[in-house]
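Q: after the sequence you'll find the predicted model.
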Amino acid sequence: MFVWELSDTSANCDSFWIRRGRLGSDTGTLDQTHRALLPSYSSPLTQSRHEIYSPEGLRTDGRRWNEIRNFDCKINTHPTSADGSSYVEWGHTKVVCTVDGPREPDNRQNTTDRAVISVNVNVASFSTETRIKRQRNDKRLAEMNILIRQLLEEAVLTKLNPRTQIAVNITVIAQDGGLLPACINAACLAMIDAGVPLTDYVSACSSGVYSNNALIDLNTLEEQDVPFLTIGVIGKSDKISMLTLETQLPMASLEPVLATSLSGAHAIQDIMDAAVRKHGKHRLERK
Amino acid sequence: MISINDRKFLTEALKVSKRLDGRSMEEQRPMEVTFGSQFGHVELTMGKTKVVVRISAEITKPNERRPFEGIFVVHTDIGSMASPIFENNHQSEQEIMISQVVEKAVRRSGALDLESLCIVAGKKCWEIRADVHYLDFDGGLVDATCAAVMAGLYHFKKPDVDVDGGAVTVCDMEERHPVALSVLHLPVSVTYGLFELKNDETNEVEKVECVLDCTAIERQVQNAEITITINKNRDICQISKPSGVSIEGYRIVELCEKAFQEALKVTEMIDKALKEDEEMRNKGNWKALLSAENDRYEK
Amino acid sequence: MNILNNVDGSAKWEQGTSVICSVTGPIETRRRTDEPTLAQVELVIRPAIGQATTRETLIKDRIYSVLAATVVRNLYPRMLLQIVIQILEQGEGTGYNVLKLAACLNAVCLALIDSRTPMTGLFTAVAIAIVDDKLILHPTRKQVSQSTSTHAVSYFVENNKATGLLMCESEGEFTENQLFEVLEQAARACEDVALDMRERIEKGVKEGLRIDAGQE
């Protein structure tokens, strides 16, 4: 609907910009970002009702700037089919992860002194708002695989299990923003369930900035409008292991955004720890 | 592949802040840009790394979801000419990461104004294609690619078009002077290598050193790398730090500041090279003839 | 010659079109070799713009046939010779191959010499276009597009004499007499190119510097 209206007024460039300008951004940078990421199927009417950050300090889903979405996790969800498994529900993003290993490697070449971790992320076509068929050589997925794998390689004590492979399979059933952090958190939990030796919890969190306000843990609507970054940390240190930023962010906002996402990642670790301990207690009591 | 001796030598040198080629820790290899005779033909050398970019334009149908925008694709395919470690038809992990970072830096940051590429909404638009050819590999591929592609985009001129109702006629390059592309900003990529320097006896990590623009041999020893793409307006277009050694948040902010200084230098270098090329092509001063300015208004 | 650092031999040839060639080898093969007694030659041609299409495969095929006759393959059985040719500037319209073919062949020869690969001899190639019944050596882009036929001819050059015809790729309409004339002229031209090549190689070897095959 949005598109058809505009084809009549294509000569009238001013109205085109004003329409987009109404969607809640007053800084030049954000306008540009928004322009790059606006999906064509969303109508301006519904979007103008969604204020990314209202003057009262509330976001589109009623959270404050420093509140993460509901992080619900369970481990050992697939006790018979995999060595370790986990299920993470972060807001509306739902991710299932299974870990197999350490087991016989597919390719013995790189494994002489350490275990090799292989990560495979499968995104279901029904996971997004509109059904998208996944392409075979999707570079974005390949990149996600590489990022998750490298982060896990930092945390896992691979030298304890040479000549083996640890296979991580992540299936995404629903996406609502924060896909990469959810996958990483799920992978960490599944690793713990499988008994793979780790130095510490691995957690990830995303955060963005809107009009000089840092916002933690973004959902899809916010991810499309606002520049955001994802960090991965190992343990509760202040050191950042993985960082990806794909949208334009003014340099002045970098520090608050990093600080926010760090605190988010630490908070996630507490929640994951509680879930693991709960499961452990349950297992001990069962016997 | 690097021998243990070489690795040790390199790390010991870094402990006293010395690098193999004599540069300082914060010094990037100087970039040299030369333009070919055709528009959009750029050759960039950075130390021993050589990259050639060809920009071309074709008229196609725009994406159904975005009928008001043109298309911009970047093809980076590293072959075995650059180095035997790269296979010709196979995309290794390193290649995927390089192509993704370049995509984010140049395409997703909106450097090229896609709406200016639209000819007839929903039916015809320009497809700008950047082919990056890697001739020689000595580290710094992402940095070289970004700079070369941006220089190419500034240099390239597409043929002028006449739109008459639904019919589009492409004017000959000789008849009508070709039109430059609308480039919104110049993102510059800067890559730092992170080295974990350990104390030999205790094997404890003393410090993590950030070294700008690593050569191939330094890349084999590095423990992690971080690529920051920033433009001269202080907008960070992209940061990519695939895992490896961790560093504190404030150090990343410091690196961004330093990257900004580098970005200014590279922007200046590209501007200068473009101006020189302009002057060379402007012999005979036909620009003054084509210009619509009148002398008498300048009083 | 010797312009790239990571490969064994490299050369650039600029004559109408601009082409750079790299040779690495003999190195370990990646796949199972079909012929256990000969070296495997992997030839990749990358166009300036776009992906490799059947046009590049045609050029590749012609170059393969020349290499089969000149490179001594039985000295390195079960090993791989990796040759990559990158076309930097086309120099002719998209329907034509002649300038590219000639430039690629000359670049490959120089690169093989630079990489010290054993060869049975020097070979050179020239491009000829027939415009209005006149033979034009090293035609320009405009002449190629106006021509009635184009020919890329490669000769084996021994002791500065063109001894054997290695390849002749002709496209267009031409008479038998025209073809014989083309082959005659090409032989002379190939000898000239070979002399030029030898000079540059000698100079390069003496000075130990890079050699550029210049614009003609």
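A: That came through fine. Residues are numbered from 1 along each chain as shown, chains lettered A, B, ... in the order given.
Q: the residue in the stretch 51-200 of chain A positioned nearest to chain C: how many residues sit nearby?
A: The minimum distance from the stretch 51-200 of chain A to chain C, using Cβ to the nearest Cβ, falls at A:Q109 (13.2 Å). All C-beta spots, glycine's among them, are computed from the backbone N, C-alpha and C. The burial count assigned to A:Q109 is 8, neighbours taken as other Cβ atoms under 10 Å in any protein chain shown.
Q: nearest spatial neighbour of the residue in the stretch 101-250 of chain A that chain B sits nearest to, chain-adjacent residues omitted?
A: Here the stretch 101-250 of chain A gets closest to chain B at one residue, A:K239, 3.5 Å apart by Cβ to the nearest Cβ. Leaving aside its chain neighbours, A:K239 sits nearest to B:S246 (3.5 Å; criterion: Cβ to Cβ, 6 or more residues apart in numbering or on different chains).
Q: equivalent analysis for A:D72, please.
A: Nearest to A:D72 is A:E89, by Cβ to Cβ, 6+ apart, at 4.3 Å.
Q: CA atoms only for the host helix or strand of the one you found, dumped as PDB, please.
A: Secondary-structure assignment from DSSP states H and E places A:E89 in strand A:84-90. This file holds the C-alpha atoms of strand A:84-90, laid out as PDB (Å, rounded to 0.1, in the frame of the first residue of the first chain):
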ATOM      1  CA  GLY A  84      23.500 -31.700  25.000                       C
ATOM      2  CA  SER A  85      20.600 -29.600  24.100                       C
ATOM      3  CA  SER A  86      18.900 -26.300  25.100                       C
ATOM      4  CA  TYR A  87      16.000 -24.200  24.200                       C
ATOM      5  CA  VAL A  88      16.000 -20.400  24.500                       C
ATOM      6  CA  GLU A  89      13.100 -18.100  24.300                       C
ATOM      7  CA  TRP A  90      14.100 -14.500  24.300                       C
END
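Q: looking only at pLDDT, what's the mean for the helix or strand that comes right after it?
A: Reading on from strand A:84-90 to the C-terminus, the next helix or strand found by DSSP H and E is strand A:93-103. Strand A:93-103 carries an average pLDDT of 93.
Q: do stretch C:56-64 as well
A: 91.
Q: contact partners of that stretch?
A: For stretch C:56-64, contacts defined as Cβ atoms under 8 Å, 6 or more residues apart in numbering or on different chains pick out C:41, C:43-47, C:85, C:97, C:100-101, C:104-105, C:108, C:152, C:167, C:169.
Q: pLDDT-wise, what's the bottom of those residues?
A: When the contacts of stretch C:56-64 are compared by pLDDT, C:N97 scores lowest at 81.
Q: please work out how many residues are found near that residue.
A: C:N97: 21 neighbours (other Cβ under 10 Å).
Q: just for the chain, where's the confidence low?
A: Assuming you mean chain A. A:1-49, A:110-111, A:136-137 (pLDDT under 70).
Q: let me rephrase: I mean chain C.
A: C:1, C:32-34, C:207-216.
Q: for it, just list every one of the strands.
A: For chain C, applying DSSP state E gives strands covering C:9-15, C:17-28, C:40-46, C:79-89, C:122-131, C:134-137, C:149-158, C:161-172.
Q: out of those, flag the one nearest C:R200.
A: strand C:9-15 (9.6 Å; Cβ to Cβ).
Q: hmm, back to that, can you list the strands of chain C in TSV and add distance to chain A and mean neighbour count?
A: Below are the strands of chain C laid out as TSV (distance: least, Cβ to the nearest Cβ, whole Å; neighbours: other Cβ atoms under 10 Å in any protein chain shown):
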stretch	distance to chain A	mean neighbour count
strand C:9-15	29	24
strand C:17-28	14	23
strand C:40-46	19	19
strand C:79-89	19	23
strand C:122-131	38	25
strand C:134-137	46	15
strand C:149-158	36	24
strand C:161-172	35	17
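Q: residue contacts, the closest residue in space to A:E222 that isn't next to it in sequence?
A: Nearest residue to A:E222, sequence neighbours excluded (Cβ to Cβ, 6+ apart): A:I52, at 6.0 Å. Counting by Cβ under 8 Å, 6+ apart, A:I52 touches A:24, A:59-60, A:210, A:215, A:221-222, A:225-226.
Q: most widely separated two among those?
A: That would be A:G24 and A:L215, which, of the contacts of A:I52, are the farthest apart (Cβ to Cβ) at 13.0 Å.
Q: more neighbours, these two?
A: In this view A:G24 and A:L215 are compared by other Cβ under 10 Å, and A:L215 has more residues nearby, 24 against 19.
Q: A:G208 versus that one, what's the distance?
A: Going from A:L215 to A:G208 by Cβ to Cβ, to the nearest Å gives 5 Å.
Q: for stretch B:246-266, what is the average pLDDT?
A: Stretch B:246-266 shows a mean pLDDT of 91.
Q: in that stretch, what's buried?
A: For stretch B:246-266, the buried set under the neighbour-count rule, 16 or more other Cβ atoms under 10 Å in any protein chain shown, comprises B:246-247, B:249, B:251-252, B:255-256, B:258-260, B:262-263, B:266.
Q: coming back round to it: same list, the contacts of A:I52, but as a markdown table with secondary structure please.
A: A markdown table is the format used below for these (DSSP: H, G, I helix; E, B strand; the rest coil):
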| residue | secondary structure |
| --- | --- |
| A:G24 | coil |
| A:R59 | strand |
| A:T60 | coil |
| A:Y210 | strand |
| A:L215 | strand |
| A:L221 | helix |
| A:E222 | helix |
| A:D225 | helix |
| A:V226 | coil |
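Q: just give me the closest of those residues to B:D271.
A: Nearest to B:D271 among the contacts of A:I52: A:V226, at 31.6 Å, using Cβ to Cβ.
Q: leaving out sequence neighbours, find the closest residue to the closest one.
A: A:G208 (4.2 Å).
Q: taking strand A:84-90 as reference, get the angle to the helix or strand where that neighbour lies.
A: Using DSSP H and E, A:G208 maps to strand A:202-210. With axes from the mean of the first three to the mean of the last three Cα atoms, to 10 degrees applied, the angle from strand A:202-210 to strand A:84-90 works out at 20 degrees.
Q: any idea how far B:I217 is from B:E196?
A: According to Cβ to Cβ, B:E196 and B:I217 sit 17 Å apart.
Q: isn't B:I236 right next to A:E246, touching?
A: No. Contact criterion Cβ atoms under 8 Å: B:I236 and A:E246 do not qualify, at 10.6 Å.
Q: chain A contacts on the stretch 1-150 of chain B?
A: B:65-68, B:91, B:93, B:96-97, B:99-100, B:103-104, B:108-110, B:121-122 (Cβ under 8 Å from any Cβ of the partner chain).
Q: are any of the residues you listed buried, and if so which?
A: The neighbour count (16+ other Cβ under 10 Å) marks B:66-68, B:96-97, B:99-100, B:103-104, B:108-110, B:121 as buried among the residues of the stretch 1-150 of chain B next to chain A.
Q: and B:I236 and A:E246? which has more neighbours close in?
A: Set B:I236 next to A:E246 and count neighbours by other Cβ under 10 Å: B:I236 wins out with 26 against 23.
Q: tell me the pLDDT at the more buried one?
A: Predicted confidence (pLDDT) for B:I236: 91.
Q: same check, this time on the one 3 residues further on
A: We note a pLDDT of 92 for B:I239 in this prediction.
Q: ok, the residue of the stretch 151-299 of chain B found nearest chain A to B:E196 distance?
A: Going by Cβ to the nearest Cβ, chain A is nearest to B:S246 of the stretch 151-299 of chain B, at 3.5 Å. B:S246 sits 10 Å away from B:E196, going by Cβ to Cβ.
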